[in-house]
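[1] sequence and predicted structure below; questions after.
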Amino acid sequence: MRYQRSSQLFKAASDVIPGGVNSPVRAFKAVGGTPIFVNKAKGAYLYDADGNRLIDYINSWGPMILGHAYPPVIDAVVEKAQLGTSFGMPTEIETKIAELAVSMVPSIDQIRFVNSGTEACMSAVRLARGFTGKEKIIKFAGCYHGHSDSFLIQAGSGAVTFGSPNSPGVTEGTAKDTLLAPYNNLEAVATIFEANPSEIACIIVEPVAGNMGCIPPQPGFLEGLRALCDSHQAVLIFDEVMTGFRLAKGGVQELYGVTADIVCFGKVIGGGLPVGAFAARHEIMSHLAPLGPVYQAGTLSGNPLAMAAGYAMLQALESDAKVFDRLAEKTAYLHKGIAAALTAHKISHTINRVGSMISIHFSETPVVDFETAAEGNNARFKTFFHGLLDAGIYIAPSAFETWFITDALTYEDLDETIAAVAKVAPTL
Ligand SMILES: *Cc1c(COP(=O)(O)O)cnc(C)c1O
């Protein structure tokens with residue numbers, strides 16, 4: 001693989017964009033080397049600035065669940081663009097996608113569109129606070145809810161203590177309202193509730209975690225969170241920015257049969273354009289401006305191009321009864337092949353998988369939370385990443401990321417990937 005052109009482009013970008021990128025993980029800091037600049041993508045493949053073809057397992061971090069440049073999405077965007085790109089006034093397409101989303105997802109009556117997953121989560125927490133009249137929130141270590149201040153918090157000395165900021169620029173004042181628990185640890189959550197009676201507005205959780213690798217909820221975890229929220233009059237927020245419209249039509253709520261009060265969306269719901277959304281039942285959504293006092297707004301929210309892309313994407317998923325089964329089968333096939341290739345070379349690993357989300361941790365112990373995810377062998381991951389890249393396979397440049405399987409991947413692509421893993425394994 002050649003990267004001369006990408007290197008040149010990265011140099012030029014670094015002069016005028018901090019670190020050369022508009023989102024940090026793209027800079028390859030965790031794995032070293034030069035970020036790859038993309039020219040175009042189609043189906044399961046990326047074509048980079050040097051003309052290399054890569055099989056893509058990131059898929060824009062999730063949105064391209066049906067493959068890149070999916071024709072119905074492209075057609076919808078092109079058609080809309082000719083009518084004007086933004087009006088700051090209501091358009092019918094917003095209602096259409098809202099109706100479709102509400103019909104697909106359990107427990108929601110209304111949905112508000114924003115421009116990113118960050119915005120969705122930030123607004124969902126404000127709404128939960130406005131609805132309950134309480135201020136503190138519980139989040140889980142290793143869960144990512146975007147880069148809003150309240151979420152950039154690390155664990156303090158104990159789970160019951162206040163969190164402390166993990167980025168300069170986040171104030172202690174903000175940090176004190178975010179309480180942290182380990183993922184899959186109900187007891188810790190119960191302890192936090194007991195230590196902060198009548199103060200918890202909400203729990204926000206990735207109901208299947210995907211930002212420390214893929215970590216499924218252990219049996220009873222989501223049900224336990226539901227019960228704790230009910231007995232403490234707190235709002236349960238499922239951050240389904242990654243899992244929504246990916247693991248099932250109705251997301252994790254449908255898959256695990258547990259109901260949330262507010263659900264956040266992003267990624268797939270925008271079909272590759274910048275879209276986020278948050279949704280809930282009437283009782284909660286009626287607190288939102290202009291109906292209620294909780295303020296939330298956006299100049300480009302509900303943008304017609306973005307709504308058209310998202311609508312085409314949701315329609316495609318809604319009308320294909322087998323798509324999620326197909327995705328899960330492909331992911332299971334990949335899992336089996338990779339596990340066999342690594343095992344043949346005695347490389348200890350843990351593979352977690354739910355539907356079309358899968359991650360490989362180079363560790364011996366089960367990966368159930370941030371602490372166990374962090375035990376992985378990072379040096380080994382770097383070698384793995386670059387070995388696959390040289391073979392034309394693009395996985396996320398960090399050991400803490402999930403692979404996103406797309407329906408555009410063929411079994412030949414999966415076999416090519418498994419063969420690449422088998423080739424890299426002896427070097428690990
Ligand atoms: C990606 C992600 C976000 C943030 O979405 P952005 O569109 O990047 O702001 C929030 N929550 C989860 C679970 C995510 O995976």
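    Cool, got the structure.

[2] low-confidence regions, this protein specifically.
    For the chain, the stretches flagged by pLDDT under 70 are 155-162.

[3] can you give the domain ranges for it?
    Residue ranges for the domains of the chain, per automatic domain parsing: 4-69+322-427, 71-319.

[4] which of these sits closest to the ligand?
    Evaluated over the domains of the chain, closeness to the ligand peaks at domain 71-319, with 2.2 Å, by Cβ to the nearest ligand atom. To be clear about C-beta, it is placed using only N, CA and C from the backbone, and glycine gets the same treatment.

[5] now do the end-to-end distance for that closest one.
    Counting by Cα to Cα, to the nearest Å, you get 15 Å between the two ends of domain 71-319.

[6] same thing with stretch 58-73?
    Using Cα to Cα, one end of stretch 58-73 lies 19 Å from the other.

[7] what's the answer for stretch 276-288, then?
    Start-to-end span of stretch 276-288 (Cα to Cα) is 16 Å.

[8] ok, residues contacting the longest helix belonging to the chain?
    Using DSSP state H to assign secondary structure, the helix with the most residues in the chain is helix 323-344. For helix 323-344, contacts defined as Cβ atoms under 8 Å, 6 or more residues apart in numbering pick out 65-66, 247-249, 316-317, 349, 351, 353, 355-358, 360, 405-407, 409, 411, 414-415, 417-418, 421-422, 425, 428.

[9] okay if I get the domains of the chain as a markdown table plus mean neighbour count and distance to the ligand?
    Output for these, formatted as a markdown table (neighbours: other Cβ atoms under 10 Å; distance: least, Cβ to the nearest ligand atom, whole Å):
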| stretch | mean neighbour count | distance to the ligand |
| --- | --- | --- |
| domain 4-69+322-427 | 18 | 6 |
| domain 71-319 | 20 | 2 |
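
[10] about what we covered before: out of the contacts of helix 323-344, name the ones that lie in helices.
    Filtering those for helices - DSSP H - leaves Ala316, Leu317, Tyr411, Leu414, Asp415, Thr417, Ile418, Val421, Ala422.

[11] how about the first one, what does it touch?
    To tie it back to what came earlier, the one meant is Ala316. Contact analysis of Ala316 by Cβ under 8 Å, 6+ apart lists Leu66, Tyr70, Pro72, Val73, Val323.

[12] and the fifth one, by the same measure?
    When the contact criterion is Cβ under 8 Å, 6+ apart, the partners of Asp415 are Gly337.

[13] bridged to the closest residue in space to Ser116 that isn't next to it in sequence, which residues?
    Distances taken as Cβ to Cβ, 6 or more residues apart in numbering place Gly276 nearest to Ser116, at 4.7 Å, with adjacent residues excluded. Note on Gly276: beta-bridge partners by DSSP bridges are Val114.

[14] do the same with the one 4 residues further on
    According to DSSP bridges, Gln110, Ile262 are recorded as the beta-bridge partners of Ala280.

[15] geometric centre of the chain: which residue is closest?
    Among the residues of the chain, the one closest to the centroid is Met242, at 3.0 Å (Cα atoms, centre = their mean).

[16] ok, it touching Ile269?
    No - judged on Cβ atoms under 8 Å, Met242 makes no contact with Ile269 at a distance of 10.9 Å.

[17] distance to Gly213 added to the contacts of Ala316, as a markdown table?
    Converted to a markdown table, these look like this (distance: Cβ to Cβ, whole Å):
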| residue | distance to Gly213 |
| --- | --- |
| Leu66 | 24 |
| Tyr70 | 27 |
| Pro72 | 32 |
| Val73 | 28 |
| Val323 | 24 |
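
[18] identify the farthest-apart pair in those residues.
    Val73 and Val323 (14.4 Å; Cβ to Cβ).

[19] okay, strands next: where are they in the stretch 151-300 of the chain?
    Counting by DSSP state E, counting those that start in this stretch, the stretch 151-300 of the chain has strands at residues 153-154, 164-165, 178-182, 200-205, 235-239, 262-265, 276-280.

[20] as CSV, those strands with distance to Tyr45 would be great.
    CSV is the format used below for the strands of the stretch 151-300 of the chain (distance: least, Cβ to Cβ, whole Å):
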stretch, distance to Tyr45
strand 153-154, 38
strand 164-165, 41
strand 178-182, 39
strand 200-205, 34
strand 235-239, 30
strand 262-265, 27
strand 276-280, 27
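
[21] with respect to Arg5, which of those strands lies nearest?
    strand 276-280 (32.9 Å).

[22] so which elements touch the closest one?
    Applying 3 or more Cβ pairs under 8 Å, 6 or more residues apart in numbering; DSSP states H and E, one finds that strand 276-280 contacts helix 92-104, strand 110-114, helix 117-132, strand 262-265.

[23] what's in contact with it?
    So strand 276-280 is contacted by 101-102, 105, 107-121, 123-124, 127, 241, 261-266, 269-270, 285 (Cβ under 8 Å, 6+ apart).

[24] which secondary structure state is assigned to the closest residue to Ser348 other than its chain neighbours?
    Nearest residue to Ser348 in three dimensions, chain neighbours excluded: Glu364, at 4.8 Å (Cβ to Cβ, 6+ apart). Secondary structure assignment for Glu364 (DSSP: H, G, I helix; E, B strand; the rest coil): coil.

[25] tell me the phi and psi of Glu364?
    When quoted as degrees, to the nearest 10, the phi and psi of Glu364 stand at phi -90, psi -30.

[26] next: the one 10 residues further on.
    For Ala374, the backbone dihedrals are phi -70, psi -10 (criterion: degrees, to the nearest 10).

[27] which residues does it contact?
    With contacts defined as Cβ under 8 Å, 6+ apart, the neighbours of Ala374 are Met212.

[28] distance of it relative to Tyr311?
    Distance of Ala374 to Tyr311, computed by Cβ to Cβ, to the nearest Å: 39 Å.

[29] mind listing what the nearest residue to Ala306 once chain neighbours are set aside touches?
    Leaving out its chain neighbours, the residue that sits closest to Ala306 by Cβ to Cβ, 6+ apart is Leu273, at 4.0 Å. Going by Cβ under 8 Å, 6+ apart, Leu273 touches Val77, Asn303, Leu305, Ala306, Ala309, Gly310.
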